[in-house]
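Peer 1: Next come a sequence and a model predicted from it.
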Amino acid sequence: MGFDGKNLPFFTEFFANKFAFLHLWLYPFAFFHIFSLGMKQKLNLITLGVSDLQKSLEFYEKGLGWKKSSASQESVAFFQLNGLVLSLFSRDSLAEDAHVNSEGKGFSGITIAYNAASEKEVDEVIEKVRSLGAKILKTPQKVFWGGYSSYFADPDGHIFEVAHNPFFPLNEKGEVVLPD
């Protein structure tokens, strides 16, 4: 009897019955191996919980001109950003999925940053989002760390920083390049 996928229940039952004792010996090694791998230093996706997906799509897609991925569905939208994906999903559904209360108030302790190539680009982006109805939290200005920065809140109150940081150069793709 060869393994062709159709007889998976047979193999599962066979190994569960014949070799059940092996997990007692292998478990400590498997557990150690899984956690010794660590978490790679990367992020792939940021999901923003939104109160009204259609209103958010108006802001990001029609207002900012961002292109929604074909992977998007009726209840979730995806935007490919450089090497990262931004997702828009119902705030209530996201909270339910994470097993937390969706009634967060005030500052969440996180901002999302857009690094611009120049101070002029910071000004242009802020004027664009202002025209879309974004709330400007801090007007563009020189900042203590030597750059030029502004903050705005999207329709759901997610805080974005738009900054020109002369100490973090951008590559040809517009990605931040940190020193080693």
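Peer 2: Great, that's in hand. Nothing here was measured: the structure is a model prediction, and the numbers come from that model.

Peer 1: For the residue positioned nearest the centre of the chain, which residues are in contact?
Peer 2: For the chain, the residue nearest the mean C-alpha position is Ile46 (1.0 Å; C-alpha atoms, centre = their mean). Ile46 is in contact with Leu84, Val85, Leu86, Ser87, Ile112, counting by C-beta atoms under 8 Å, 6 or more residues apart in numbering. Just so you know, the C-beta spots here come from the backbone N, C-alpha and C atoms, and that holds for glycine as well.

Peer 1: Locate it within the secondary structure: which element?
Peer 2: strand 45-50 (DSSP states H and E).

Peer 1: Not counting sequence-adjacent ones, nearest residue to Lys138?
Peer 2: Excluding the flanking residues, the one nearest Lys138 by C-beta to C-beta, 6 or more residues apart in numbering is Tyr151, at 4.3 Å.

Peer 1: looking at the sheet around that neighbour, what are its partners?
Peer 2: In this structure, Tyr151 bridges to Lys138, Glu161 when assessed by DSSP bridges.

Peer 1: wait, isn't it in contact with Ala163?
Peer 2: No: here Tyr151 does not reach Ala163: they are 9.1 Å apart, not a contact under C-beta atoms under 8 Å.

Peer 1: Looking at the contacts of Ile46, spot the one nearest Gln73.
Peer 2: Gln73 has its nearest neighbour among the contacts of Ile46 in Ser87, at 10.7 Å by C-beta to C-beta.

Peer 1: how close does the closest one sit to Lys138?
Peer 2: Computed as C-beta to C-beta, to the nearest Å, the Ser87 to Lys138 distance reads 26 Å.

Peer 1: just so I have it, where are all the helices in the chain?
Peer 2: With DSSP state H, the ranges of helices along the chain come out as 8-18, 22-36, 53-57, 91-98, 119-131.

Peer 1: Tell me how far the fourth one lies from the chain's centre.
Peer 2: Here helix 91-98 is found 15 Å from its chain centre; the criterion is C-alpha atoms, centre = their mean, to the nearest Å.

Peer 1: again, but for stretch 159-167
Peer 2: Relative to the centre of its chain, stretch 159-167 is centred 18 Å away, using C-alpha atoms, centre = their mean.

Peer 1: for stretch 79-99, same thing?
Peer 2: Taking C-alpha atoms, centre = their mean, one finds the center of stretch 79-99 at 7 Å from the center of the full chain.
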